[in-house]
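> sequence and computational prediction follow.
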Amino acid sequence: MTQPSGPVSRGHVVSWALFDFANTAFYVLILTVGYPLYFKEVVAEGSKQGDLYWGAAFSISMLIVACFSPVLGAVADHGAGKKRFLGVFTGLCVLATAALFSVEGGMLFSGILLLVLANIGFEAGLVFYDAFLPEITTGRSYGRVSGYGFAMGYLGSLVTLAVAFPLYADGFSEANLPNVRISFLIAAGFFLLFSLPLFLFLPDRQRVAPLPKDFIAVGFRRLVSTYNDFPRYRNVARFLLAYFLYIDAVNTIIIFSSIFARETLKFEVGDIVVFFALVQTAALVGSAGFGILADHAGHKRTLSITLVLWLILIVLAYLVNDKNSFILLGVLAGIALGSSQSTSRSLMTEITPPEKKTEFFGFYSFFGKASAILGPLLFGFVSSLLDQRTAILSVGIFLLAGLLLLQRVEEPRDLM
């Protein structure tokens with residue numbers, strides 16, 4: 001397995017993990033709690049098609065990222081540098097998120113366009129952020145350090161929710177809408193501020209070469225070369241296909257969870273903020289605890305346990321009728337969320353060839369983003385046609401198929 005080249009300090013790990021702390025402000029306020037509800041009730045003006053609009057907006061952004069992630073990863077492996085691209089996409093996300101402050105009722109086009117741009121910046125940046133993992137730790141600690149990163153992210157989401165909570169106290173009344181929009185500025189500010197340590201203190205250990213004028217062509221040539229070599233990397237291909245399926249369901253559940261709680265279970269907005277604080281606390285425990293477990297019991301085994309838990313939770317979510325039961329499910333879902341995200345990243349790191357790490361993380365991002373095109377559209381369609389409970393149940397098939405395919409992935413013998 002690859003080893004970090006040169007000395008790696010604890011400060012480097014902290015600087016890397018703080019980026020997770022930073023970007024989850026966007027994740028929790030824009031993708032899961034604040035903006036989804038604002039979009040459905042204010043931007044889409046309570047339209048029955050709101051779920052479909054939200055799912056379509058998210059899917060469009062994922063489609064764009066999916067198309068470019070492998071090319072961008074290939075360009076960075078060419079020597080253009082991960083940090084350079086991470087900075088560009090972080091800036092895009094921060095600016096578009098801040099601009100959401102200007103979106104008001106009925107501004108459907110602007111609300112969708114800015115969400116698409118912000119999520120492109122967020123998701124494309126993760127290609128380069130994830131590829132730093134092999135440079136800051138050794139193979140035997142991938143699960144632990146990946147878990148620490150996600151745990152730091154969930155801690156960031158708790159801080160963000162605590163700061164934003166007073167702004168949601170009066171819900172979506174006309175008088176309180178400016179306060180809700182201020183929370184979008186908070187998300188942008190948190191992302192900008194706490195991402196700075198990575199850019200200031202974490203070295204990019206790749207050779208930083210001038211960006212070639214034909215960098216898109218360079219990326220495509222490397223992409224084609226890697227694709228032609230895929231028969232040599234069948235284990236990675238098997239994992240990516242499994243990841244494509246199971247992460248689809250996970251992403252879909254996340255982006256519709258607040259809307260489900262609001263419309264199907266009649267949560268108040270303040271209740272939803274508290275609910276997600278509990279979910280993020282559980283996710284913090286899950287990412288750190290399961291990260292340690294993965295280093296001892298194996299990443300695939302730990303991930304398989306997590307996916308079984310997700311399947312159980314989907315069935316229970318279909319049946320749940322009261323708020324207290326849903327809150328309990330949310331805590332268990334938080335544990336599963338933290339584990340599935342951190343363990344997937346560490347397993348991908350474990351089985352990826354060192355010389356292809358950024359490029360293959362481009363494929364990792366591609367499969368994650370491409371899968372998120374299908375799930376939200378399916379959920380939005382089924383919800384508009386039938387109901388949200390059936391829509392949740394419909395995504396379970398992706399989880400089951402991903403779990404079965406994961407069993408064919410082999411972990412390196414020296415880490416088992």
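Ah, there it is. Numbering: from 1, shown residues only.

> Three-state assignment for Gly46, please.
coil (DSSP: H, G, I helix; E, B strand; the rest coil).

> which parts of the stretch 201-350 of the chain are helices?
Listed in chain order, the helices of the stretch 201-350 of the chain (DSSP state H, counting those that start in this stretch) span 215-228, 234-263, 269-297, 299-319, 323-351.

> and of these, who's closest to Phe19?
When these are compared by C-beta to C-beta, helix 323-351 sits nearest Phe19, at 13.3 Å. In this view, the C-beta of every residue, glycine as well, is placed from N, C-alpha and C.

> give the buried residues for the closest one.
326-327, 329-351 (16 or more other C-beta atoms under 10 Å).

> just want the angle from it to helix 299-319.
Orientation check (axes from the mean of the first three to the mean of the last three C-alpha atoms, to 10 degrees): helix 323-351 against helix 299-319 gives 160 degrees.

> mind giving me the packing neighbours of helix 323-351?
Packing contacts for helix 323-351, counted by 3 or more C-beta pairs under 8 Å, 6 or more residues apart in numbering; DSSP states H and E, involve helix 108-130, helix 133-136, helix 142-164, helix 234-263, helix 269-297, helix 299-319, helix 357-385.

> tabulate the ones you listed (JSON lines), appending distance to Ala25 and mean pLDDT.
JSON lines is the format used below for those (distance: least, C-beta to C-beta, whole Å; pLDDT from 0 to 100):
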{"stretch": "helix 108-130", "distance to Ala25": "11", "mean pLDDT": "90"}
{"stretch": "helix 133-136", "distance to Ala25": "21", "mean pLDDT": "74"}
{"stretch": "helix 142-164", "distance to Ala25": "4", "mean pLDDT": "76"}
{"stretch": "helix 234-263", "distance to Ala25": "15", "mean pLDDT": "83"}
{"stretch": "helix 269-297", "distance to Ala25": "11", "mean pLDDT": "75"}
{"stretch": "helix 299-319", "distance to Ala25": "25", "mean pLDDT": "87"}
{"stretch": "helix 357-385", "distance to Ala25": "20", "mean pLDDT": "73"}
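
> let me know which of the ones you listed is the nearest to Gln407.
Checking these against Gln407 by C-beta to C-beta gives helix 299-319 as the closest, at 7.1 Å.

> and for stretch 186-200, what's in contact with it?
With contact meaning C-beta atoms under 8 Å, 6 or more residues apart in numbering, stretch 186-200 is reached by 14-16, 18-19, 21-23, 25-26, 28-30, 34, 83, 86-87, 90, 93-95, 97-98, 129, 156, 159-160, 163-164, 167.

> ok now it, how far from the chain's centre?
Offset of stretch 186-200 from its chain centre (C-alpha atoms, centre = their mean, to the nearest Å): 17 Å.

> against the centre of the protein, work out the most remote residue.
The C-alpha centroid of the chain is most remote from Ala175, which lies 32.5 Å away (C-alpha atoms, centre = their mean).

> how near is that one to Gly270?
Counting by C-beta to C-beta, to the nearest Å, the gap from Ala175 to Gly270 is 16 Å.

> now do Ile112
Ile112 is 27 Å from Gly270, by C-beta to C-beta.

> so which of these two has more stuff around it?
Set Ile112 next to Gly270 and count neighbours by other C-beta atoms under 10 Å: Ile112 wins out with 21 against 14.

> list the contacts of Ile120.
Residues near Ile120 by C-beta under 8 Å, 6+ apart: 61, 64-65, 89, 92-93.

> neighbour-wise, which of these leads?
Val65 leads the contacts of Ile120 on contacts (other C-beta under 10 Å) with 28 neighbours.

> so what's Gly91 up against?
Neighbouring residues of Gly91 by C-beta under 8 Å, 6+ apart: Gly121.

> please pick the buried ones from the contacts of stretch 186-200.
Judged by 16+ other C-beta under 10 Å, buried ones among those: 14-16, 18-19, 21-23, 25-26, 28-30, 34, 83, 86-87, 90, 93-94, 97-98, 129, 156, 159-160, 163-164, 167.

> hmm, back to that, which of the helices and strands packed on helix 323-351 sits closest to Ala391?
Of these, nearest to Ala391 by C-beta to C-beta is helix 357-385, at 4.0 Å.

> what's the burial count for the closest residue to Leu29 other than its chain neighbours?
Distance criterion C-beta to C-beta, 6 or more residues apart in numbering; nearest residue to Leu29, sequence neighbours excluded, is Ala187 at 4.2 Å. Per other C-beta under 10 Å, the neighbour tally for Ala187 reads 29.

> do the same with Gly106
Gly106 has 12 neighbouring residues, counting by other C-beta under 10 Å.

> how far away is it from Ala44?
Taking C-beta to C-beta, one finds Gly106 at 9 Å from Ala44.

> list the contacts of Asn179.
166-168, 170.

> picking that back up, where does the residue farthest from the centre of the chain fall, phi/psi-wise?
Main-chain dihedrals, Ala175, degrees, to the nearest 10: phi -70, psi -30.

> tell me how far it lies from Ala169.
From Ala175 to Ala169 the distance is 12 Å (C-beta to C-beta).

> buried residues, stretch 272-290. List them.
By 16+ other C-beta under 10 Å, the buried positions in stretch 272-290 come out as 272-273, 275-290.

> nope, stretch 403-416 is what I was after
Applying 16+ other C-beta under 10 Å to stretch 403-416 flags 403, 405-406, 409, 411 as buried.
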